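>>> all I have is the shape, not the residue letters:
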């Protein structure tokens with residue numbers, strides 16, 4: 001038997017209830033992603049308590065489900081997008097929008113300028129193209145600089161700073177670009193400084209934020225102008241795997257908030273994706289077969305890595321570990337056994353859980369994969385082998 005991660009507190013009762021509704025009521029078709037808006041709202045409220053006066057931006061790439069975005073719009077201060085497709089999903093929701101990501105096409109830059117959103121510039125060439133497009137349109141572009149810092153976020157799942165990178169302008173070149181933007185008459189919107197993601201060590205995030213503030217101050221002093229906004233990035237992780245602990249964001253807020261006076265005329269934002277929505281999502285898939293092979297039991301489901309690539313360990317995980325999982329339809333006192341849970345695809349990579357202890361289950365029962373609210377369906381190859389696209393609902 002192998003361990004699994006801890007099920008989020010909202011979903012620890014069996015049979016499983018999500019948003020006050022039973023799995024039998026929710027699962028009119030299988031597979032299905034369910035997002036619990038109350039869980040999202042509780043995390044937003046926790047952020048507000050820990051970071052008073054700091055703007056909260058939602059990173060749309062974590063989960064772009066339209067009803068979720070609409071429900072979040074009144075609760076957040078802005079949306080951060082990384083493509084024209086994401087921009088189209090939020091541009092009419094009445095919030096500030098910033099557009100980051102390398103490789104923005106001229107068409108995307110044109111759409112962003114037309115919509116009046118802030119473009120986080122990733123290179124000097126992108127700045128030149130944005131300024132030329134704005135001049136042709138006769139409009140003043142809103143331009144910020146994404147800075148590739150000289151430091152990284154220690155212990156992060158994905159490090160975005162401290163090295164050569166396709167993301168952002170190297171810190172030592174950012175000041176010259178600020179001066180070019182100001183000289184061109186564009187509306188300079190500040191800095192986006194993002195050092196890493198999926199960190200669970202509050203001390204590492206506190207250290208990274210301190211370095212970020214120091215860098216922003218140095219750049220502002222060199223430019224002779226205070227940035228209107230400094231996006232401090234995010235990096236807040238969630239505990240997917242055994243032994244991982246919930247991130248202490250209150251400790252991070254207590255360290256950060258008193259330091260913000262170093263730029264008194266600047267607003268600050270933190271950009272979060274998975275921390276807001278990851279734990280709020282549950283992927284439900286029905287068991288279609290139960291089989292034994294050479295002494296091992298396999299529960300074969302109607303969905304797998306084609307919908308939930310990360311849970312199978314195939315989205316950047318070096319060592320495969322088990323996400324939290326449950327038999328959603330089982331009673332809490334049901335007898336248990338060791339099984340592996342697999343999907344319907346013709347590849348051994350399609351394994352949702354490896355040798356975990358679960359209540360005895362068979363065809364017709366429902367498996368719940370937790371931590372499915374971020375980088376789920378849209379980060380998975382859902383067209384692989386031609387299986388149907390799963391439904392999504394917000395409750």
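Cool, got the structure. A quick note: this is a predicted structure, and the numbers were derived from the prediction, not measured. Numbering: from 1, shown residues only.
>>> and stretch 332-347, end to end?
32 Å (Cα to Cα, to the nearest Å).
>>> run through the strands of the stretch 51-200 of the chain in chain order.
With DSSP state E, counting those that start in this stretch, the ranges of strands along the stretch 51-200 of the chain come out as 55-59, 78-81, 96-99, 118-121, 142-148, 158-159, 169-170, 187-193, 196-197.
>>> now the fifth one and strand 187-193, what's the angle there?
Note on geometry: by axes from the mean of the first three to the mean of the last three Cα atoms, to 10 degrees, strand 142-148 and strand 187-193 are set 20 degrees apart in direction.
>>> so what does strand 142-148 touch, helix or strand wise?
Contacts defined by 3 or more Cβ pairs under 8 Å, 6 or more residues apart in numbering; DSSP states H and E place strand 142-148 against strand 118-121, strand 169-170, helix 171-183, strand 187-193. In this view, the C-beta of every residue, glycine as well, is placed from N, C-alpha and C.
>>> possible to save these as TSV with distance to residue 25, mean neighbour count and mean pLDDT?
Listed next are the helices and strands packed on strand 142-148 as TSV, based on distance: least, Cβ to Cβ, whole Å; neighbours: other Cβ atoms under 10 Å; pLDDT from 0 to 100:
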stretch	distance to residue 25	mean neighbour count	mean pLDDT
strand 118-121	42	28	98
strand 169-170	51	18	88
helix 171-183	53	17	91
strand 187-193	42	24	95
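>>> before we move on, back to that, for the strands of the stretch 51-200 of the chain, which one sits closest to residue 266?
strand 187-193 (7.0 Å; Cβ to Cβ).
>>> just the residues contacting that closest one, thanks.
With contact meaning Cβ atoms under 8 Å, 6 or more residues apart in numbering, strand 187-193 is reached by 98, 100, 118, 120, 140-147, 149, 161, 168, 174, 178, 181-182, 212, 215-216, 219, 225, 227-233, 266, 271.
>>> buried stuff in the helix or strand hosting residue 204?
Following DSSP states H and E, the helix or strand that holds residue 204 is helix 202-223. Along helix 202-223, these residues count as buried under the neighbour rule (16 or more other Cβ atoms under 10 Å): 202, 204-209, 211-213, 215-217, 219-220, 223.
>>> ok, stretch 73-88 next?
Buried residues in stretch 73-88 (16+ other Cβ under 10 Å): 73, 75, 76, 78, 79, 80, 81, 82, 83, 84, 86, 87.
>>> run the chain-centre distance for the helix holding residue 204.
In terms of Cα atoms, centre = their mean, to the nearest Å, the centre of helix 202-223 is set 22 Å apart from its chain centre.
>>> quick one: list the elements packing against it.
helix 171-183, strand 187-193, strand 229-231, helix 249-256.
>>> if you set the cut-off to 10 Å instead, what comes out?
Helix 202-223 sits against strand 142-148, helix 171-183, strand 187-193, strand 196-197, strand 229-231, helix 249-256, strand 267-272, with contacts defined as 3 or more Cβ pairs under 10 Å, 6 or more residues apart in numbering; DSSP states H and E.
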